[in-house]
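**Student:** Could you work out the structure for the sequence below:
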Amino acid sequence: PLVSRQIYRFSEEGLVNARFDYSYNNFRVTSMQAMINETPLPIDLYRYVDVSGRIEQFGKFSVINYDLNQVITTHAMKHTKIFNPDGQVIEVQYEILKSIAYWMTLQYDSMGRVTNCDIRIGVDSNITRYAYEYDADGQLQTVAINERPQWRYSYDLNGNINLLSHGNSARLTPLRYDLRDRITRLGEIQYRTDEDGFLRLRGNLLFDYGSNGLLLGAYDRDSGQRVWYRYDGLGRRVASRNSDGSQLQFFYADLMEPTRVTHLYNHSSSEITSLYYDLQGHLIAMEMSSGEEFYIACDNAGTPLAVFSSRGHVVKEIRYTPYGDVYRDSNPTFPLVFGFQGGLYDSFTRLVHLGRRDYDVVAGRWTTPNHELWAELSVNPKPFNLYAFRNNYPLGNLQDITKFTT
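**Tutor:** Predicted coordinates for the structure are as follows:
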């Protein structure tokens with residue numbers, strides 16, 4: 001049976017309800033009507049190519065596919081992605097009101113890893129060139145910006161980062177671990193992990209988990225500030241609340257991608273934000289219930305690097321360390337809940353919520369062990385680390401290039 005209506009109801013006081021209605025043709029969704037806190041949003045229409053079934057329109061966005069190019073366009077913007085024959089992104093252009101506001105090119109080695117990345121944010125700005133080098137195990141080793149070394153990493157035999165240096169200083173920050181690969185110290189920051197392998201303490205922050213392993217909240221012992229998280233029956237984060245009174249709700253209206261956040265409700269401003277993604281699942285635009293529109297430029301891994309106004313002006317520019325820690329934010333007051341690789345980022349905890357787990361951008365590691373590895377290891381035994389982030393390759397998913405032949 002096809003889902004015709006999805007309803008979100010909350011027993012907890014202070015949370016708003018939502019309803020999403022769907023209509024179909026030929027077993028495909030052709031329209032979606034959202035109603036959040038009794039506020040109806042504009043209907044999003046969907047259209048597909050008859051022969052292939054590929055999507056050619058979602059909401060106000062039209063999709064054009066030809067050869068190895070993919071174009072998403074409206075009357076005001078044009079988002080172009082160019083792929084190589086292996087299915088890897090080699091160029092992204094974001095054109096707003098006929099001016100190229102964002103441009104990125106990528107080069108890969110024979111293993112499919114990014115070696116060079118050129119990025120230009122803003123119409124008149126200069127190009128920034130990133131160069132990446134890897135060790136014999138494919139782990140990220142050095143990153144240079146405009147040919148100047150910026151980050152260096154070294155790893156122990158278990159795949160834990162044991163030394164890192166930021167900037168071009170010679171100062172090295174050591175990381176310490178116990179015999180079970182659980183982090184105990186990063187420079188001056190102390191870490192504590194419980195018997196189940198869950199991160200309980202980082203510096204002054206205490207973390208609390210539920211019986212299903214989901215992060216329920218965090219508490220700062222110095223400032224007394226707290227944050228609480230709430231989840232639905234599928235383990236999706238549906239709300240976050242801060243002790244300063246701010247509260248956000250997350251809604252998931254995409255039936256094909258049920259873990260993708262499609263709408264936000266901000267309790268402080270009563271504003272509803274509708275989110276739009278490209279075909280790779282990277283955020284490209286958000287529309288506020290006030291009528292304002294913003295365009296988002298992401299890197300090849302889905303990390304948002306810049307937010308543009310509907311006129312093409314840079315509203316916010318964010319820079320990250322290779323493992324996802326924000327080191328520059330040009331406009332911290334502009335709210336953007338998405339961070340490293342498109343996860344839900346909380347600047348208070350400096351954790352990114354990806355799937356059902358949380359990732360610590362400070363240490364470049366998961367906060368909880370990846371027990372899903374056991375099923376894979378029983379079939380295909382290999383070296384493993386329950387906390388390492390994607391085998392220490394933080395620049396996106398390594399594509400299985402054997403699957404993309406032309």
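**Student:** from the chain's centre, how far out does the helix or strand bottoming out on mean pLDDT in the chain sit?
**Tutor:** Every helix and strand in the chain was compared by mean pLDDT, DSSP states H and E; the lowest is helix 373-379, with a mean of 88. Relative to its chain's centre, helix 373-379 lies at 26 Å (CA atoms, centre = their mean, to the nearest Å).
**Student:** try stretch 364-384
**Tutor:** That offset, for stretch 364-384, works out to 21 Å (CA atoms, centre = their mean).
**Student:** What are the buried residues along that stretch?
**Tutor:** 364, 365, 366, 367, 368, 369, 370 (16 or more other CB atoms under 10 Å). Glycine gets a C-beta too; all of them are placed from N, C-alpha and C.
**Student:** Setting aside sequence neighbours, what's the nearest residue to the second one?
**Tutor:** If I follow you right, that is residue 365. With CB to CB, 6 or more residues apart in numbering as the criterion, residue 365 has its nearest non-adjacent residue at 4.6 Å, and that residue is residue 387.
**Student:** burial count for the one you found?
**Tutor:** By other CB atoms under 10 Å, the residues close to residue 387 number 25.
**Student:** Provide a list of residues in contact with it.
**Tutor:** Shown in contact with residue 387 (CB atoms under 8 Å, 6 or more residues apart in numbering): 160, 181, 182, 183, 197, 365, 366, 369, 370.
**Student:** at 6 Å what do you get?
**Tutor:** Taking CB atoms under 6 Å, 6 or more residues apart in numbering as the criterion, residue 387 is in contact with 181, 365, 366.
**Student:** phi, psi of the nearest residue to the last one once chain neighbours are set aside?
**Tutor:** To tie it back to what came earlier, the one meant is residue 366. For residue 366, ignoring the flanking residues on the chain, the nearest one in space by CB to CB, 6+ apart is residue 387 at 5.0 Å. Main-chain torsions, residue 387, degrees, to the nearest 10: phi -120, psi -20.
**Student:** count of residues packed around the closest residue to residue 228 other than its chain neighbours?
**Tutor:** In space, and not counting its chain neighbours, residue 228 is closest to residue 217: 4.4 Å by CB to CB, 6+ apart. Residue 217 has 18 neighbours, counted by other CB under 10 Å.
**Student:** Okay, and residue 217 sits in which element?
**Tutor:** Following DSSP states H and E, the helix or strand that holds residue 217 is strand 215-220.
**Student:** Check what pLDDT the residue nearest to residue 235 when sequence neighbours are not counted gets.
**Tutor:** Ranked by CB to CB, 6+ apart and with sequence neighbours excluded, the top spatial neighbour of residue 235 is residue 356, at 4.9 Å. Looking at residue 356, its pLDDT stands at 91.
**Student:** Residue 356: how many residues sit nearby?
**Tutor:** Here the number of neighbours of residue 356 (other CB under 10 Å) works out to 17.
**Student:** and if you look at residue 189?
**Tutor:** 16.
**Student:** cool, and residue 76?
**Tutor:** Close neighbours of residue 76, defined as other CB under 10 Å, add up to 15.
**Student:** repeat for residue 121
**Tutor:** 22.
**Student:** ditto for the one 3 residues further on
**Tutor:** Residues contacting residue 124 under the criterion other CB under 10 Å number 6.
**Student:** how near is it to residue 257?
**Tutor:** Note on residue 124: its distance to residue 257, by CB to CB, to the nearest Å, is 36 Å.
**Student:** Redo the contacts of residue 387 as a markdown table? Include secondary structure.
**Tutor:** Putting the contacts of residue 387 into a markdown table (DSSP: H, G, I helix; E, B strand; the rest coil) gives the following:
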| residue | secondary structure |
| --- | --- |
| 181 | coil |
| 365 | strand |
| 366 | strand |
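**Student:** which regions of the stretch 51-200 of the chain sit below the pLDDT cut-off?
**Tutor:** Applying pLDDT under 70 to the stretch 51-200 of the chain flags residues 168-170.
**Student:** what pLDDT, on average, does stretch 304-321 get?
**Tutor:** Computed over stretch 304-321, the average pLDDT equals 97.
**Student:** what are the C-alpha coordinates of that stretch, in CSV please?
**Tutor:** C-alpha atoms of stretch 304-321 as CSV (Å, rounded to 0.1, in the frame of the first residue of the first chain):
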residue,chain,number,x,y,z
PRO,A,304,27.7,23.1,3.5
LEU,A,305,30.5,25.7,2.8
ALA,A,306,28.4,28.8,2.0
VAL,A,307,24.9,30.2,2.1
PHE,A,308,23.8,32.7,-0.5
SER,A,309,20.8,35.0,-0.5
SER,A,310,18.3,35.0,-3.4
ARG,A,311,20.3,37.9,-4.9
GLY,A,312,23.5,35.8,-4.9
HIS,A,313,25.2,37.6,-2.0
VAL,A,314,27.3,35.5,0.5
VAL,A,315,25.3,35.4,3.7
LYS,A,316,27.5,32.9,5.5
GLU,A,317,30.8,31.2,4.8
ILE,A,318,32.0,28.2,6.9
ARG,A,319,35.5,26.6,6.9
TYR,A,320,36.2,23.3,8.4
THR,A,321,39.3,21.2,9.4
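**Student:** residues in contact with it?
**Tutor:** Under the criterion CB under 6 Å, 6+ apart, residues 96-97, 99, 101, 121-122, 293-299, 326-331, 334, 338 lie in contact with stretch 304-321.
**Student:** now, which of the residues you listed lie within strands?
**Tutor:** Members of these lying in strands (criterion: DSSP state E): 96, 99, 101, 121, 293-298, 326-329.
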